[in-house]
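3D, please:
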Amino acid sequence: MSYSVADPRTLAPFIQHTRIAADLTRADLEVHCQEAVDLGFNAAMVPASWVPTTVRLLAGSGVRVASALDFPVVGVMTSPGKAAEAAAIAEAGADELDMGVQIGYLLSGMEREFEADIAGVVQACGIPVKVMLELPLLPPPLRDRAVDLAMDAGAAYLKNASSGTVEIAHPESVRYLVGRARAGVRVKASGGISSAAQAVDLLDAGAVLLGTSSGVAIVTGGRGGGAGRGGGGGGTARSDDDPDAY
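Purely as a prediction, here's the structure:
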């Protein structure tokens, strides 16, 4: 699959179109899903509470349904709570799940607990799990341990960070994760991805997925798109260049 800055729409199949917000409405969700269909995004990333509706809206479209766990405030849920919620999200029809991890455990030398927290989610949901590793919050030796423990726990994807608050995604982090990943483990980049040039740089570095709430602006050159351009959703396409975006 090829992509280029010259034709930003070629980036759409790599983008997980994200809308995680406390004030998300049914109408917002309908627009979000229509944008994902019209522009050909890889997935619609939505809050867990909206997964069942998203599954119905995207049925037969080929767009995947993704959700996030222990996010946007990362590392605050109990491990049993995460596992239970992961199982519920999968049961609701999500195709994949991004999860926050217990960075505090790792910083406290609690490697067994750090790994078990991830493994519990992986085992409970049975769908691909992407682990948000919050790399900038860890010193280099612990970054290596975080990656290795996440893979030991069964992570399908490694992520550099949960949001732009932690790290604006950049190629160096992606290359680090790609270089350490074992066979079959892939890399998703996230955090303030807001331009086609940045997206291409991250893909060139080895990421296979990009998480961003700026997908519409990226693939349309900021001109809007999807439902807001007559795709049938009846709303206005949303673009969000917030560096804290997922």
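
Would you map the helices across this protein?
26-39, 51-58, 79-91, 103-107, 111-125, 140-152, 171-180, 196-204, 215-220 (DSSP state H).

Any chance of a markdown table for those helices, columns distance to E134?
Just so you know, the C-beta spots here come from the backbone N, C-alpha and C atoms, and that holds for glycine as well. A markdown table is the format used below for these (distance: least, CB to CB, whole Å):
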| stretch | distance to E134 |
| --- | --- |
| helix 26-39 | 26 |
| helix 51-58 | 24 |
| helix 79-91 | 16 |
| helix 103-107 | 5 |
| helix 111-125 | 12 |
| helix 140-152 | 8 |
| helix 171-180 | 11 |
| helix 196-204 | 17 |
| helix 215-220 | 22 |
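
how about the ones you listed, which one is nearest Y3?
Smallest distance to Y3 across the helices of the chain (CB to CB): 6.1 Å, for helix 196-204.

which residues does L69 contact?
48, 77, 82, 85-86, 89, 97-100, 121 (CB atoms under 8 Å, 6 or more residues apart in numbering).

does it have beta-bridge partners, and which?
M99 (DSSP bridges).

Show the model's pLDDT score for it.
Listed pLDDT for L69 reads 96.

among the helices of the chain, which is the most enclosed?
Among the helices of the chain, helix 215-220 has the highest mean neighbour count (mean count of other CB atoms under 10 Å), at a mean of 27.

That one: how far from the chain's middle?
Its chain's C-alpha centre and that of helix 215-220 lie 16 Å apart, by CA atoms, centre = their mean, to the nearest Å.

if you average pLDDT over it, what comes out?
pLDDT averaged over helix 215-220 gives 97.

Which of the contacts of L69 sits closest to D70?
G100 (3.6 Å).

show me what contacts that closest one?
Per CB under 8 Å, 6+ apart, neighbours of G100: 68-71, 73-77, 132, 162.

what about 7 Å?
With contact set as CB atoms under 7 Å, 6 or more residues apart in numbering, G100 has these partners: 69-71, 74-75, 132, 162.
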